[in-house]
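Student: for reference, the sequence and a predicted model appear below.
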Protein chains: 2
Amino acid sequence: MHACAPPDAVVWPRAVGQVQELAALCYRCRVPMVPFGTGTGLEGGVNAVQGGVCFDLSRMDAVAELSLEDFSVAVEPGVTRKALNSRLRGTGLWFPVDPGADASLCGMAATGASGTNAVRYGTMRPNVLNLRVVLPDGRLLHTAGAGRQARKRAAGYDLTSLFVGSEGTLGFLTQATLRLHPLPEAVAATVATFPSVRAAVACTVQVLQAAVPVARIEFLDEVMADACGRYSGTGLPVAPTLLLELHGSRQGLAEQQRQAEEMVRLNGGSVPAWSEEPEERGRLWAMRHSAWYAALALRPGCQGYSTDVCVPISRLPDVVVETQRDLRDSGLTGPMVGHVGDGNFHCLLVFDARDPAEAQRVHAFAQRLGRRALAAGGTCTGEHGVGLGKRALLREELGPEGLDTLRRIKAALDPHNLMNPGKVL
Amino acid sequence: MHACAPPDAVVWPRAVGQVQELAALCYRCRVPMVPFGTGTGLEGGVNAVQGGVCFDLSRMDAVAELSLEDFSVAVEPGVTRKALNSRLRGTGLWFPVDPGADASLCGMAATGASGTNAVRYGTMRPNVLNLRVVLPDGRLLHTAGAGRQARKRAAGYDLTSLFVGSEGTLGFLTQATLRLHPLPEAVAATVATFPSVRAAVACTVQVLQAAVPVARIEFLDEVMADACGRYSGTGLPVAPTLLLELHGSRQGLAEQQRQAEEMVRLNGGSVPAWSEEPEERGRLWAMRHSAWYAALALRPGCQGYSTDVCVPISRLPDVVVETQRDLRDSGLTGPMVGHVGDGNFHCLLVFDARDPAEAQRVHAFAQRLGRRALAAGGTCTGEHGVGLGKRALLREELGPEGLDTLRRIKAALDPHNLMNPGKVL
């Protein structure tokens, strides 16, 4: 969706001191700086639209300060979420935020990522305790103070939350202190199918209202279920679907399962057996995480673009149904997946980039969907960020005072507009 | 602790438009502005140290946009947490953040308050979805965009989190959109007593590690347990104590109770019967919430000051034991209560303000305690805020780059330093 814009140079610092020196040099020479983690972001955040120096931070990959008693760890930008969870194996702890891609954890902090577990464990924001930031001029900032990792604090403006989701426009995130969670004693997952999109979403709302502490509640529309089933060879029924995962103690889980099953049936859905074995659940989530490739396989040789709106849950059924109609009317292929417990869903648009008319229809559809979400009290981006493509929608979302406030903050912290210029604002 | 500094004038606006007009007038005349909610803050946040106009916002008391399906509500500054929960009676929802005092919810947002339920439901920050802010020059900002209430968003810098905890120094919070929670089906509370402070804190760490979803886990040291027992007439045993509350389904609760009891016993503690009746639990928490008055009753005619450090949980036993020793060595009365699930505890210092030597000892003790928390990787304030008294400690906590970043943000959003001057920075 976003044309590639390469930087003038790439540097691979191995230590925070090198990032500081290089940033200070770029700052003195007024050269744009673009942070790079794994490049798995979806909104063109690493495109060097004004040239400059790309800082590839993947070689800084230390896992420091792992504290099992405090449930915390500090990771450098080269550490991905899968690498961290491998490292945590056997400790009884894990890091649950899971956007699908094996992204850099610092990159996930930079975009404010979330994914399938957010309904239970939150997005990146509440799971970052501290950030070590290299400011545009090379100075080092610890957003919660050097070496600090209190679980809560009321000491001045929340700089950690400000840098989470700043998309590289305020500084380099060179270390993130993360909050870890105890591994659940037992896990069970299932695939519930429903007679309609409305029924699947109504079930979601009821599960939340009943305070069932669901860990994952993921929606696939019938097109996506069909595509995922065929791509992964699992033969998923072609119907609006919820993938449900429950975490708890052995006994607590049985009760959660009964509650969830009851709500699925109340909404006319059906639940097959629950998978409690890791391999079986692994296959289920591998299928969900392959949604992007399953969508692309619907039209070989075509390109993909994912939308990312998030709306209040009460508005989700209408917005989803209208969006499906819009897709049909626009003649577009765009299977839908959603973190419906948060009101967040994606249309995985698959289009022929060589056909300018179709690319234009995709763009117009994405704008309409963004505006539909805004009209419903939602946001144009639940977890992918603004990047290059949603700056116009951001202005509509926040209004002039909101945008002016963002700009004042940007100017205060990056007065020469050198950090990832052209993004967000 | 903080001498009273009255403003030159007080205004009682009844609508946001009036706040805007008055702010614009003060801005043009360069007059300091001090927001006022209920005045229950503990760090002198409403003291008009540079004079100016106090905006008492208590007459703006609308509860708007209650959405049961989206678990959200918008409240003006005159709405307190008790008033909101009364209003929610019968809806199956509640707002769990509970700092003890019946504070204004917008005021709680302004200080980044938390309290006894934070270990399960989070502090104010994750529970505020949007804020309607009157900026110093009178313009109106909606931190997440006007009328928006998505459960998550990645659209630009997180202005909501920036204004939560800004202590009135960036603008007036004139409406907060809050996240509500489903009322638990069943609740049980108990009082566990332990042979030592270390044993009580070790039990807390184990409860968290076992992922028991404890709703409240409150520590009282033996002095506080004695004072609370006598003040409330409940005859609490004189021992290090944990007040535990569990929320869940009926069946889930039984399992949580068994787990919690096992951990109490493993640490040499004892658990009497659990209270499941609202009246009985009400008495228990009324006793906890009367800790401040119970402490004051230890020395009639004296004044109170509460410290507020928060440290990583692994450091809590050492910090608590050292702090008890420091209290004894300093000849001070300072019973201890703590939200130990978050690592946050308070010494309720009771001293004779007419005795300058004792007041000086209290001040020196509070400074030492703040530095002890900083040395342990913690913060000088977990939930009360910086206000007037912790500015020096904040500088030590954040370091020069951190403080410079706060100052740049303050200057960008309040260039003439008119909003609650003299606080935080």
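Tutor: Right, received. Where do you want to start? Residues are numbered from 1 along each chain as shown, chains lettered A, B, ... in the order given.
Student: near chain B, which residues of the stretch 151-300 of chain A?
Tutor: A:151-159, A:161-162, A:164-166, A:170, A:181-182, A:184-185, A:205, A:208-211, A:213, A:249, A:251-252, A:255, A:259 (C-beta under 8 Å from any C-beta of the partner chain). In short, each C-beta sits where N, CA and C put it, glycine included.
Student: and those, which are buried?
Tutor: A:151-159, A:161-162, A:164-166, A:170, A:181-182, A:184, A:205, A:208-211, A:213, A:249, A:252, A:255, A:259 (16 or more other C-beta atoms under 10 Å in any protein chain shown).
Student: still on that earlier bit, which ones among the residues of the stretch 151-300 of chain A next to chain B map onto helices?
Tutor: Using DSSP state H, the subset of these located in helices is A:Leu159, A:Ser161, A:Leu162, A:Val205, A:Leu208, A:Gln209, A:Gln251, A:Gly252, A:Glu255, A:Gln259.
Student: now render those residues as CSV, adding distance to A:Leu42 and pLDDT.
Tutor: Listed next are those as CSV, based on distance: C-beta to C-beta, whole Å; pLDDT from 0 to 100:
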residue, distance to A:Leu42, pLDDT
A:Leu159, 26, 98
A:Ser161, 22, 98
A:Leu162, 22, 98
A:Val205, 27, 85
A:Leu208, 26, 87
A:Gln209, 31, 81
A:Gln251, 40, 83
A:Gly252, 36, 84
A:Glu255, 38, 88
A:Gln259, 34, 92
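Student: pLDDT value on the closest residue in space to A:Asn127 that isn't next to it in sequence, please?
Tutor: Nearest non-adjacent residue to A:Asn127, counting by C-beta to C-beta, 6 or more residues apart in numbering or on different chains: A:Arg179, 4.7 Å away. Note on A:Arg179: pLDDT of 97.
Student: pretty sure A:Arg179 contacts A:Arg125?
Tutor: No: taking contacts as C-beta atoms under 8 Å, A:Arg179 lies outside contact range of A:Arg125: 10.7 Å.
Student: the more surrounded of the two?
Tutor: Using other C-beta atoms under 10 Å in any protein chain shown as the criterion, A:Arg179 and A:Arg125 rank with A:Arg125 on top: 24 against 20.
Student: now do the contacts for that one.
Tutor: By C-beta atoms under 8 Å, 6 or more residues apart in numbering or on different chains, the contact list for A:Arg125 reads A:Gly112, A:Ser161, A:Val164, A:Gly165, B:Pro126, B:Asp158, B:Ser161.
Student: and of those residues, the nearest to A:Arg87?
Tutor: A:Arg87 has its nearest neighbour among the contacts of A:Arg125 in A:Val164, at 21.9 Å by C-beta to C-beta.
Student: so A:Ala23 sits against A:Leu141, correct?
Tutor: No: under the criterion of C-beta under 8 Å, A:Ala23 makes no contact with A:Leu141, lying 11.8 Å away.
Student: who touches both of those two?
Tutor: By C-beta under 8 Å, 6+ apart, A:Ala23 and A:Leu141 have these common neighbours: A:Val134, A:Leu135.
Student: neighbour count for the two, which is higher?
Tutor: Counted by other C-beta under 10 Å, A:Ala23 and A:Leu141 do not tie: A:Ala23 has more neighbours, with 26 against 23.
Student: who touches that one in this structure?
Tutor: Each residue near A:Ala23 by C-beta under 8 Å, 6+ apart is listed here: A:Met33, A:Phe55, A:Val134, A:Leu135, A:Pro136, A:Asp137, A:Gly138, A:Phe172.
Student: dihedrals phi and psi, the third one?
Tutor: The one in question is A:Val134. Note on A:Val134: backbone dihedrals following degrees, to the nearest 10 are phi -90, psi 120.
Student: what about the closest residue to it other than its chain neighbours, how many neighbours?
Tutor: In this structure, A:Val134 finds its nearest non-sequential neighbour in A:Phe172, 4.2 Å apart by C-beta to C-beta, 6+ apart. The local packing of A:Phe172 (other C-beta under 10 Å) involves 32 other residues.
Student: tell me the spacing between A:Phe172 and chain B.
Tutor: Computed as C-beta to the nearest C-beta, to the nearest Å, the A:Phe172 to chain B distance reads 14 Å.
Student: wait, that residue sits on A:Val19?
Tutor: Yes: when contacts are counted by C-beta under 8 Å, A:Phe172 is listed as touching A:Val19 (5.7 Å).
Student: any residues in contact with both of those two?
Tutor: In contact with both A:Phe172 and A:Val19: A:Phe55, A:Leu57, A:Val134, using C-beta under 8 Å, 6+ apart.
Student: just these now: which is nearest chain B?
Tutor: Nearest to chain B, judged by C-beta to the nearest C-beta, of the shared contacts of A:Phe172 and A:Val19 is A:Val134 at 10.3 Å.
Student: give the bridge partners for the residue nearest to A:Asn127, please.
Tutor: Taking DSSP bridges, one finds A:Ser72 as the beta-bridge partners of A:Arg179.
Student: give the contact list for it.
Tutor: Residues in contact with A:Arg179 (C-beta under 8 Å, 6+ apart) are A:Phe71, A:Ser72, A:Pro126, A:Asn127, A:Val128, A:Leu129, A:Arg151.
Student: got it, and A:Thr234?
Tutor: Going by C-beta under 8 Å, 6+ apart, the list of residues near A:Thr234 reads A:Cys228, A:Arg283, A:Leu284, A:Met287.
Student: for the closest residue to A:Arg139 other than its chain neighbours, phi and psi?
Tutor: Here the nearest residue to A:Arg139 in space, its sequence neighbours aside, is B:Glu401; by C-beta to C-beta, 6+ apart that works out to 5.2 Å. Taking degrees, to the nearest 10, you get phi -70, psi -40 for the backbone angles of B:Glu401.
Student: OK, contacts around B:Glu401?
Tutor: For B:Glu401, the contact set (C-beta under 8 Å, 6+ apart) comprises A:Leu135, A:Arg139, A:Leu140, A:Leu141, A:His142.
Student: cutoff 10 Å now
Tutor: A:Val133, A:Leu135, A:Arg139, A:Leu140, A:Leu141, A:His142, A:Thr143, A:Ala146 (C-beta atoms under 10 Å, 6 or more residues apart in numbering or on different chains).
Student: cool, and A:Asp308?
Tutor: A:42-43, A:344-347, A:366, A:369-370, A:373, A:379-385, A:390, B:154-155.
Student: tell me the SS of it?
Tutor: coil (DSSP: H, G, I helix; E, B strand; the rest coil).
Student: so how far is B:Val97 from it?
Tutor: Distance, A:Asp308 to B:Val97, by C-beta to C-beta, to the nearest Å: 29 Å.
Student: try A:Arg265
Tutor: A:Arg265 sits 35 Å away from B:Val97, taking C-beta to C-beta as the criterion.
Student: just A:Ala215 next, same as before
Tutor: Using C-beta to C-beta, A:Ala215 is found at 23 Å from B:Val97.
Student: now swap in A:Ala9 and tell me
Tutor: 49 Å.
Student: buried ones in stretch A:188-201, by neighbour count?
Tutor: For stretch A:188-201, a neighbour-count test (16+ other C-beta under 10 Å) marks A:188-194, A:196-201 as buried.
Student: I should have written stretch A:269-278 there, sorry.
Tutor: Using 16+ other C-beta under 10 Å as the test for burial, stretch A:269-278 gives A:Gly269, A:Val271, A:Trp274, A:Ser275, A:Glu276.
Student: and the residue nearest to the third one when sequence neighbours are not counted, which of the three is it?
Tutor: Setting aside the residues directly before and after it, A:Trp274 is nearest to A:Ala188 in space (C-beta to C-beta, 6+ apart), at 4.3 Å. Assigned with three-state DSSP, A:Ala188 falls in the strand class.
Student: one step back: weed out the non-buried ones from the contacts of B:Glu401.
Tutor: A:Val133, A:Leu135, A:Arg139, A:Leu140, A:Leu141, A:His142, A:Thr143.
Student: among those residues, which one sits closest to A:Asn117?
Tutor: For the buried ones among the contacts of B:Glu401, the nearest to A:Asn117 is A:Thr143 (23.6 Å; C-beta to C-beta).
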